[in-house]
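*Asks:* after the sequence you'll find the predicted model.
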Amino acid sequence: MAHSNEMGAPLDFKGLWQYDAAPEDKSQVKIAPRYNHFINGKFVEPDSGEYFDTISPSTEEKLSEIALANENDVDKAVKAARKAQKDWAKLPGKERGKYLFRIARLMQERARAFSVIESMDGGKPIRESRDVDVPLAAAHFFYYAGWADKLEYAYPGKKASPKGVAGQIIPWNFPLLMAAWKLAPALATGNTVVLKPAETTPLTSMFLAELIRDAGIPDGVVNIVNGMGATGAALVNHPDINKIAFTGSTPVGKFIQKALAGRDVSYTLELGGKAANIIFEDAPIDQAVEGIINGIFFNQGHVCCAGSRLFVQESVANEVMRKLKYRIDTLVVGDPLDKNTDIGAINSKKQLDKINELIQAGIDEGGQVYKANVSTPDKGFWCAPTLFTEVSQAHRIVNEEIFGPVLTIQTFRTPDEAIKKANNTAFGLSGGVWTDKGAKIFNVTSQLRAGVIWANTYNKFDPTSPFGGYKESGMGREGGLHGLTPYVNLD
Amino acid sequence: MDFRNTPRIDQVAVEEKVARFGTRSIKKESKMQALKLALSMIDHTTLEGMDSEGRVEQLCHKAMQPIVGQPDIPTVAAICVYPLFVKKAKSVLKDSGIKVASVATAFPSGHALLQYKLDETKFCVDQGADEIDMVISRGRFHQGDYNYVFDEIAAVKEACGSAHLKVILETGELGTLDQVRRASDIAIAAGGDFIKTSTGKVNPAATLPVTLVMLEAIRDHYDKTGIMVGMKPAGGIRDTKTALKYLVMVKETLGSAWLNPDWFRFGASSLTNDLLMQIMKQKTGVYQSLDYFSQD
């Protein structure tokens, strides 16, 4: 198709018929004006006396204010967790499982509220929070509830005992889902937890705290404190924790690794990525284009496993480019609560600035930029879907994780070239391969150095499947049987 | 042209994409606009053994005045009948602007000599048919005799003269989406003005995944040649909700140029009244009794 004669004028997706706004009803959701720490089963005021605002990135309106945890608050939370741990671990696995099942079911019951809050606080489209984040979060609790009384089968011939108190620090891109990824395996195995949500997206964690209270989970088993980096550091540096689980950026991951060096604290880190998504000429092109879109524009590109480096075989590059442009012009960017929205708001001003800085760097270094022909609201933080061609592995935007809706596109001629370029990165979290040939899938995927590789699909998640990275994308696995291991000592 | 190597289709991904179109929420004015648009795209159809001139006459009146006393509601695009009723339909519809489409080429099986098929096509055109809905030879297609299928379509196209040709692939008999894509490419290359999913006599008839694959074939042809080809899903589209999903799919796959009866049609019968019912609901805020809608 490389030499196909392209005659048709570009298609027009704008005229004639536009969708009217179809916002999800938020009147049923009550957000309190202020949230305190959740420690030892109760909501308690912060030792610091300080609160910080959480805003909606799509309207810049203040949604609520959240207690800021200092070292004393963190200490209180860790002590509560320590106190609760023995009894929690002593419970028969079946009983712990029941609690987890209860959390899962309550989460399903409150799914709509969780979705609406997640979209308001984080900016992600309701289509995703409703269809992905919340159902998957509940699924994680269901899945690990099943493991709670089957640990002896998970580790035949060994005795699995809990690590103790786990400090868990989660990111702002999938706030509720990441809380579920962290809490479910920890609780199933008899650990107690101090969870620190990200400072831009604390609200669903506070709703989760209410849910945990309503589910009757014993006091102190789950404690939630909010704050910025200093709060996270206080948790990491606390002398009485046994395990740290962190999902977030690679620089913070390095800091945690340094802080924990020489201490008897085990840790799992799930960090950044710069995944290669490889399109061969024998791929189903129209479906691959949709996969590219899902790979990079899912959740505004705020996805550690986003397929941010696209590699297209040269013979189909023109066709793929044309179709990508068509597709991004049909994406609806705007109000996260609108059911038709495909791409919501960038999570924070800080993140938008970082994305814009990297886009500018791409332009300055000679990349050809294409921005989707879409309108964005005036208020709030927005970034139209962006494509870059004429870039190479030497470009900054190809090397650094952008964590936004920005795709870099390169071409290749042979599978070996694609594999070499795909592996030419400091990261190794995920990757994608698109081809109709089964043999090629096995050949290429077995040579890619990444923890998760999708073939003819992208960004598919399931609680039963382990997830985690190679190289600077982190260590340890979450999900599946593998996700239990970081939370147990094996004798 | 070599039709052995047509673009590959991944069925799982097509179904996911279709599900995503299905989540579009069409409200308020955009809904009213879509309802009227869908109505104006209908090929109001009767293809039964017991059809009669009287039945066809009723159908034509329904086409011209879908609902009494609502002049702002559009008429349907065409009526679709068997060849023997074309003359009657033309005489009733006259200069209403509503087209007469006739099935031809030994509809629905297509099992007949090519010469018969061409004669039947010419007969329909002589009777005044504006559009011919032909069926492809599925047997020859499955035998891999793609050139035969191509030649047959080209011959029927020639017999059509100035009448528009819609090529029915009968996707319910093709088995896979890869085959749907291949048949679409053959029909387009051989000169079909429209490609159409089904006769309505085979289950499954039109589906959203099949239609998406055909729309993508149309798009690829347009990108390569600049030539537009029309699309007609037919059979099994009975309710408004489904029809709106089709419109969303057309809008987001081919764009606004295809969102009119010249380039997109629904082959349907019961859909007409369901759309009318929804239009009246939008207008009045309440559902009307079915007795208010003529059954023709």
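*Replies:* Happy to help now that I have it. Everything quoted here is computed from the prediction, not taken from an experiment.

*Asks:* who in chain A is up against chain B?
*Replies:* A:4-9, A:11-22, A:127, A:131, A:282-287, A:290-291, A:322, A:326, A:330, A:339-340, A:436, A:456-457 (Cβ under 8 Å from any Cβ of the partner chain). (C-beta placed from N, C-alpha, C; glycine too.)

*Asks:* among these, which are located in helices?
*Replies:* Of the residues of chain A next to chain B, the ones assigned to helices by DSSP state H are A:127, A:285-287, A:290-291, A:322, A:326.

*Asks:* hmm, back to that, now the residues of chain A next to chain B: which count as buried?
*Replies:* Listed as buried from the residues of chain A next to chain B are A:8, A:11, A:13, A:17, A:19, A:22, A:127, A:282-287, A:290-291, A:322, A:326, A:330, A:339-340, A:436, A:456-457; burial here means 16 or more other Cβ atoms under 10 Å in any protein chain shown.

*Asks:* longest helix anywhere in chain B?
*Replies:* Chain B, longest helix under DSSP H: helix B:208-225.

*Asks:* run through the strands of the stretch 1-150 of chain B in chain order.
*Replies:* Secondary structure of the stretch 1-150 of chain B (DSSP state E, counting those that start in this stretch): strands located at B:42-45, B:78-81, B:99-103, B:131-135.

*Asks:* with mean neighbour count added, can I get those strands in TSV?
*Replies:* Converted to TSV, the strands of the stretch 1-150 of chain B look like this (neighbours: other Cβ atoms under 10 Å in any protein chain shown):
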stretch	mean neighbour count
strand B:42-45	26
strand B:78-81	28
strand B:99-103	26
strand B:131-135	28
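
*Asks:* any idea which of the ones you listed gets closest to residue B:141?
*Replies:* Closest approach to residue B:141 among the strands of the stretch 1-150 of chain B (Cβ to Cβ): strand B:131-135, 10.8 Å.

*Asks:* name the strands paired with that closest one and say parallel or antiparallel.
*Replies:* Sheet pairing of strand B:131-135 (DSSP bridges) gives strand B:99-103 (parallel), strand B:164-168 (parallel).

*Asks:* one step back: for the helix or strand that the longest helix of chain B is followed by, name the packing helices and strands.
*Replies:* Per DSSP states H and E, the first helix or strand lying C-terminal to helix B:208-225 is strand B:230-232. Counting contacts by 3 or more Cβ pairs under 8 Å, 6 or more residues apart in numbering or on different chains; DSSP states H and E, strand B:230-232 packs against strand B:194-196, helix B:208-225.

*Asks:* how about the next helix or strand after strand B:230-232 and chain A, touching?
*Replies:* Counting by DSSP H and E, the element after strand B:230-232 in chain order, helix or strand, is helix B:240-253. Yes - Helix B:240-253 is in contact with chain A by Cβ under 8 Å from any Cβ, via B:247, B:251-252.

*Asks:* which residues touch residue A:96?
*Replies:* For residue A:96, the contact set (Cβ atoms under 8 Å, 6 or more residues apart in numbering or on different chains) comprises A:88, A:148-149, A:187-188, A:190.

*Asks:* in strands, which of the residues you listed appear?
*Replies:* When the contacts of residue A:96 are checked against strands (DSSP state E), there are no matches.

*Asks:* residue B:195 contacts residue B:214, correct?
*Replies:* Yes - with contact defined as Cβ atoms under 8 Å, residue B:195 counts as touching residue B:214 (5.6 Å).

*Asks:* need the residues touching each of those two.
*Replies:* Joint contacts of residue B:195 and residue B:214 (Cβ under 8 Å, 6+ apart) are B:169, B:184, B:231.

*Asks:* measure the second one to residue B:168 for me?
*Replies:* Translated: residue B:184. Distance, residue B:184 to residue B:168, using Cβ to Cβ, to the nearest Å: 12 Å.

*Asks:* picking up where we left off before, and the ones in helices among the residues of chain A next to chain B, which is closest to chain B?
*Replies:* Set against chain B, the nearest of these by Cβ to the nearest Cβ is residue A:287 (3.5 Å).
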